[in-house]
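Student: build me a structure from this.
(4 chains)
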Number of protein chains: 4
Amino acid sequence: MTSLQTSRTLGVAAIGYAFMGQAHSNAWRTVANHFDVPNFEQKVLVGRDAAAVAAAAHKYGWSESATDWREVIARDDIDIVDICAPGWLHAEIATAALAAGKHVLVEKPLANSMAESLAMVAAAQAARSVGVRSMVGFNYRRVPALALARKLIAAGELGTVRQIRASYLQDWLVDDSAPMTWRLRKETAGSGALGDIASHAVDQVQYLLNDTVADVSGRLHTFVTERPGPDGPEQVTVDDAAWATLTMDGGAVASVDVSRVALGQKNALRLEVYGTAGSITFNLENPNELYFLNGTDPVEVQGFRRILVTEPEHPYISGWWPQGHVIGWEHSFTHQIRDFLLNIANGTDPSPSFEEGLGVQRVLAAIEASSAAGGATVPTAAPQLVSKD
Amino acid sequence: MTSLQTSRTLGVAAIGYAFMGQAHSNAWRTVANHFDVPNFEQKVLVGRDAAAVAAAAHKYGWSESATDWREVIARDDIDIVDICAPGWLHAEIATAALAAGKHVLVEKPLANSMAESLAMVAAAQAARSVGVRSMVGFNYRRVPALALARKLIAAGELGTVRQIRASYLQDWLVDDSAPMTWRLRKETAGSGALGDIASHAVDQVQYLLNDTVADVSGRLHTFVTERPGPDGPEQVTVDDAAWATLTMDGGAVASVDVSRVALGQKNALRLEVYGTAGSITFNLENPNELYFLNGTDPVEVQGFRRILVTEPEHPYISGWWPQGHVIGWEHSFTHQIRDFLLNIANGTDPSPSFEEGLGVQRVLAAIEASSAAGGATVPTAAPQLVSKD
Amino acid sequence: MTSLQTSRTLGVAAIGYAFMGQAHSNAWRTVANHFDVPNFEQKVLVGRDAAAVAAAAHKYGWSESATDWREVIARDDIDIVDICAPGWLHAEIATAALAAGKHVLVEKPLANSMAESLAMVAAAQAARSVGVRSMVGFNYRRVPALALARKLIAAGELGTVRQIRASYLQDWLVDDSAPMTWRLRKETAGSGALGDIASHAVDQVQYLLNDTVADVSGRLHTFVTERPGPDGPEQVTVDDAAWATLTMDGGAVASVDVSRVALGQKNALRLEVYGTAGSITFNLENPNELYFLNGTDPVEVQGFRRILVTEPEHPYISGWWPQGHVIGWEHSFTHQIRDFLLNIANGTDPSPSFEEGLGVQRVLAAIEASSAAGGATVPTAAPQLVSKD
Amino acid sequence: MTSLQTSRTLGVAAIGYAFMGQAHSNAWRTVANHFDVPNFEQKVLVGRDAAAVAAAAHKYGWSESATDWREVIARDDIDIVDICAPGWLHAEIATAALAAGKHVLVEKPLANSMAESLAMVAAAQAARSVGVRSMVGFNYRRVPALALARKLIAAGELGTVRQIRASYLQDWLVDDSAPMTWRLRKETAGSGALGDIASHAVDQVQYLLNDTVADVSGRLHTFVTERPGPDGPEQVTVDDAAWATLTMDGGAVASVDVSRVALGQKNALRLEVYGTAGSITFNLENPNELYFLNGTDPVEVQGFRRILVTEPEHPYISGWWPQGHVIGWEHSFTHQIRDFLLNIANGTDPSPSFEEGLGVQRVLAAIEASSAAGGATVPTAAPQLVSKD
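Tutor: Reported below is the predicted structural model:
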């Protein structure tokens, strides 16, 4: 089992070197330049193509590369496994790594199916009991503006939250002739926009309100039903847009809608939270800005304030630059790694936990079920799924 | 029967002098200063309280006031009846006025119930056959930016529209202690945010896309269920927020959500239309701006353009000021009166017709039905509705 | 001499029916519909072309038209003269009207030259002593957002103001081939962008800070020096852009820059006021919005607030619509007429007075002088100017 | 002398580990993860305080630390010297390093005085003749949006540029009680906002227009003239705000104004470029956005486009993330290092060169001279200063 004493340099392995692999690698590469974290080493980058992964390892600052993740997680000098592989591999790798006593960070969504998610939660619970940590990578929780939003809501600055509107709009599939990929096949991707981006939106709803979803009514839709595949036209078997309304356990109502065909919207995770005493809005395309309205200000001067979340008083900013010198999208990954490392060093459990990841999966599954049932309301928490949480 | 020759000065009566009465009066008062319209006269303003309506008539430029609308619509010198009374009076007044051969403009929504709406459509059809005109006051169609949006979409600038997101957020009911009014009782208001503001959103969806809604899944919610009434706490019997997804006959999917408790949003009718070749966004709080993305621009310079809709080339603007000198919310009513008068003079039928108003009512009724059924999908236009509702 | 008792209906004559004439007429036409004002009548519209002015009078709601302003100001039934004629006529008409005991509202800038301005001030002072009122039409003071800004600054919400940045950017002369007009000839227009739009910017600087300009350094420039005239190419003899820095008597520093060739800027009067405790920004293209930063808010939630200036608590708004229902550019003229009428009724002196108009002219003259001197600092209010200019 | 063959790993030393040292270190640390660059090594970080620089070296990824820059530039294994020390040290270190055959990157502004700047240019010219490269760190040239702006202007998309408005507003000195620092003493800082931030604004004016300044009229001002020093109140001897108008050699007119007391503006380098056929605006607080108006679009759909500069088609973006995933302020330094390394590898001269840095200094010196002369116009290029450019 991995030693947790922080005097030992933690060995890190990452699995996957595509988009998410690059983002995570960048975070490992820079986190210590900006934050006080336990000593660690970027040891191994794992991928299937030996030459490609070797090149990526060199480029992204990993000491070695490897092609067999099972060998890597068996190594004594590896303490942390960072899983950036596609979703269908999450469960297998994560459960094996946890069983091997490695701390695990896994990209979101937790897995492609409820069954896999449940297995991962079980593995995380077992590992936790022996001090092995696990975390799911809903990195947007560590965008400073959203961390600030959560803090303001928790402090009661919005009063009682009644409504939250969450949408995540992209346009990379707007073109009918964009080709098939594994992301558009149900067997590899699980779902489309739902798992990929609605997962973030749902996580934010639960995170910001510190509440969970009770039931949902939802709808999935595929605007482009066929795309050019390697052997001719191929059926798209996942959604490219989704809509849902969610009832929160605390009584608030959330709406979520996502799309990959919203032409002109590039990465627009937009959040609007309306309370009895204040409101908040946010757009990930301008991640350094949080808009906040204090409903207790005199009406004459009330309005949404553009808070440029770059002050030392703001979450995570003390590691970066002076006020007004904005940070980028990838910094949320850096903050995630920082917090994960601190959890390991301090012997505390990271958040979002696998259980929280499972909570998001339950909402997504309920949306799918509701859509299949023509929009009928579906509760999220099937009792048999839950032993303890 | 009313003479239609434009050489005769048209006599106008308006019924109602509250918020909408003031807005319509302002439009009658100013339309001829800015547009070439047939001669008309602001003859009578009608209301229940003799003293108050007399004062309002004086203030808003009407020659006389009256308290009995039946007498007024019987007058030979009245050619046009502009109904700004509350929704539960629409059907009675409109059908009587049309039967008396008066051209009728009625505020939205068309009526509080499907039955009343159908009766009004029948009356309008009968009147139309003898040259009597009727129009329902979805004034936002005449906001220049939205008229431009419709024009661009009709011209194919967006390609095929796939999605439209419509929301209308206000906050005037955010305070729990705001008192009961007729607007919060089902028997007088019919519905809450649904009829009042979702009606505008639904009308815009159908107007912008020149398409009709096939089916809906919806949800109504009342956040503040009890408010101070004249005799103590009283139950709020209408919704203060609503959410729906709509399938258009042409295949597009629309989402609509509205609220009266979205703190900080004052009059935010927001529209986003996403097509295969272009996109449009709009917010009524900045009504002179239309945002348009041309998807055929080179990617390097593609983006949403802020079009300040104040050029002589833009709809209705030639009647107003030089470029950049913006107009206000109430100007949409002025444009509505202008077009209505031209329809009368030219012997053409105004749009939105009562049938279009009924079309909106059908969607609202379907949203209510879907909400009552827990979100199940409900078709909007069952033909049997015409005879039975 | 004009009777001031408000029981008598005030007779109004307006001179000029072009752009400003239409804007003023609209204000006279609508003011009583929205505000409690003394009784008045739109009696006569005056212009040079008998047929055109008759048509304009009919369209804009004036009872009569006339071509000789001298005859009109001699009429006993005329109490108010509203001068919308070009600047070179201001002095002659205004001094005559005041001498005839008529209350005078004159469009800005006060006049084309310092000499004329001084004569007008002398006339206003003489008239004031016998109860005759005069006002210069810097209408933007009555944009609710700017009236609110002034109020906030006066209340100390910004602490001590250090800097103000004022710019007014338009683009209607961006095209080289746009033809010559009287506005581009020094003998008719006096100056170009300087008198036309820098006058507004300078007035706002003095109005918002409730302070006057001590000295200036400025520069005028003509980008398009020749334009097509009726008889071939003609020299443009006025500036189409100007820049200046102004020292305020109170120690603040203002910058002003204006242009008629700033492509894409349509009517962008932008103001930014920076104090020790708060800041304000504004753009006339979005006239219903004021941005205010309260520097005493906790840093964590500090930021510019978008105040939608449409609440009953805001200046002038109680005459208009519910919150969020925005007003347009021309409403500032309506407010100006309202205040002017109330001054007349109450026997108080309007602001901006002719002296305030002269104050602006002195700043403009100093900018011209500084520009001619290569940017050297020029004091604005040399006492000897009063006798010689 | 340094070998230029790229097969050899380039040894890098950086001098300074404060704000700029951290920003440069971050760039060295990450550049190879995102871009193909020649092999290099972060060898030595140099500072005065041995313990502090050792800690910084460890944190920022440098192999060693040192306290004597002279020793470091004498080392054979050092090929590149990156000077992040305060401005008063630039000349001494840069000339020594260039003389030692090291490629030099020096932070802006080039130096604190014209004499030092001239010496540095002479050293750069001598070094260039033997293949040694030099660059001054106007990093904002490598913000992708600004690189795109330059490209669009160079391609003629704006037609002939007439006006450019550049401002740089910050507020870190708004508080009277903020203490004295070396940045507020003329002997150490040379100037205040002028050298620190007007230098960026002036560089952008020259960069974007690919033109140089012919003459200036300017003004410096110190709002807070005394601040708490270590031994009691101390005189502030530099400006905290500056204003200038600049005539470009090509005929355009630029305005520049900067402030350190503009409360609420955090890092607002704002640029507006107005041409005969198009316009551009930018704000460094939203560095991923460029606003572009194409004046040849039909008027009906003309407007400023928000280009989210995150597409693979945009400068530098291919090294980063998919569209819509924004980058931060510090990435401009990464791009700067990338280009500098490529220049070294390819044997080409970097831009901005020391001559370009000197060009900025000349403008700043002229602004100071003009301010001292009460705003009188001052030419930038005193003949005796220029031997060749």
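
Student: is it true that residue A:127 lies in a strand?
Tutor: No - assessed with DSSP: H, G, I helix; E, B strand; the rest coil, residue A:127 is helix; it does not lie in a strand.

Student: so what's it up against?
Tutor: Remark: with contacts taken as CB atoms under 8 Å, 6 or more residues apart in numbering or on different chains, residue A:127 is in contact with A:98-99, A:101, A:104, A:133-134. (C-beta placed from N, C-alpha, C; glycine too.)

Student: how much space between it and residue A:11?
Tutor: 17 Å (CB to CB, to the nearest Å).

Student: and for residue A:196?
Tutor: Taken as CB to CB, the spacing of residue A:196 relative to residue A:11 amounts to 31 Å.

Student: what are the ranges of the helices in the stretch 1-150 of chain A?
Tutor: With DSSP state H, counting those that start in this stretch as the criterion, the stretch 1-150 of chain A has helices at A:19-34, A:50-60, A:69-73, A:90-99, A:114-128, A:144-154.

Student: what packs against the biggest helix by length in chain A?
Tutor: Selection of the longest helix in chain A by residue count, based on DSSP state H, yields helix A:354-372. Other helices and strands packing on helix A:354-372, by 3 or more CB pairs under 8 Å, 6 or more residues apart in numbering or on different chains; DSSP states H and E, are helix A:114-128, strand A:134-137, helix A:199-209, strand A:213-221, strand A:241-248, strand A:378-379.

Student: how about the ones you listed in a markdown table, adding distance to residue B:210?
Tutor: Shown next, in a markdown table, are these (distance: least, CB to CB, whole Å):
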| stretch | distance to residue B:210 |
| --- | --- |
| helix A:114-128 | 43 |
| strand A:134-137 | 44 |
| helix A:199-209 | 31 |
| strand A:213-221 | 21 |
| strand A:241-248 | 22 |
| strand A:378-379 | 35 |
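
Student: deepest-packed of those, please.
Tutor: Neighbour counts (mean count of other CB atoms under 10 Å in any protein chain shown) averaged over each of those peak at strand A:134-137, with a mean of 28.

Student: alpha carbons only: can I get it in CSV?
Tutor: The C-alpha atoms that make up strand A:134-137 are tabulated as CSV, following Å, rounded to 0.1, in the frame of the first residue of the first chain:
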residue,chain,number,x,y,z
SER,A,134,-10.3,9.2,-4.9
MET,A,135,-11.7,12.2,-6.8
VAL,A,136,-13.7,12.7,-10.0
GLY,A,137,-12.6,15.6,-12.2
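
Student: one step back: so for the longest helix of chain A, mean pLDDT?
Tutor: Here helix A:354-372 scores 97 as its mean pLDDT.

Student: can you list the residues of the stretch 101-250 of chain A near chain B?
Tutor: By the rule CB under 8 Å from any CB of the partner chain, the part of the stretch 101-250 of chain A lying against chain B is A:162-163, A:165, A:167, A:171, A:174, A:176, A:217, A:219, A:221, A:223, A:241, A:243, A:245.

Student: give me the subset of the residues you listed touching chain C.
Tutor: Judged by CB under 8 Å from any CB, the overlap between these and the neighbourhood of chain C is nil.

Student: of these, which pair is most distant in space?
Tutor: For these, with distances taken as CB to CB, the pair at the greatest spread is A:162 and A:176 (39.8 Å).

Student: so between these two, which is more surrounded?
Tutor: Counting neighbours by other CB atoms under 10 Å in any protein chain shown for residue A:162 and for residue A:176 shows that residue A:162 has the greater number, 25 against 14.

Student: check contacts around the residue nearest to the more buried one when sequence neighbours are not counted.
Tutor: Computed as CB to CB, 6 or more residues apart in numbering or on different chains, the closest residue to residue A:162 that is not its neighbour in sequence is residue B:223, at 5.0 Å. Taking CB under 8 Å, 6+ apart, we find residue B:223 in contact with A:162-163, B:240-241, B:261.

Student: adding pLDDT, write the residues you listed out as TSV.
Tutor: As requested, the contacts of residue B:223 are exported to TSV (pLDDT from 0 to 100):
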residue	pLDDT
A:162	98
A:163	98
B:240	96
B:241	98
B:261	98
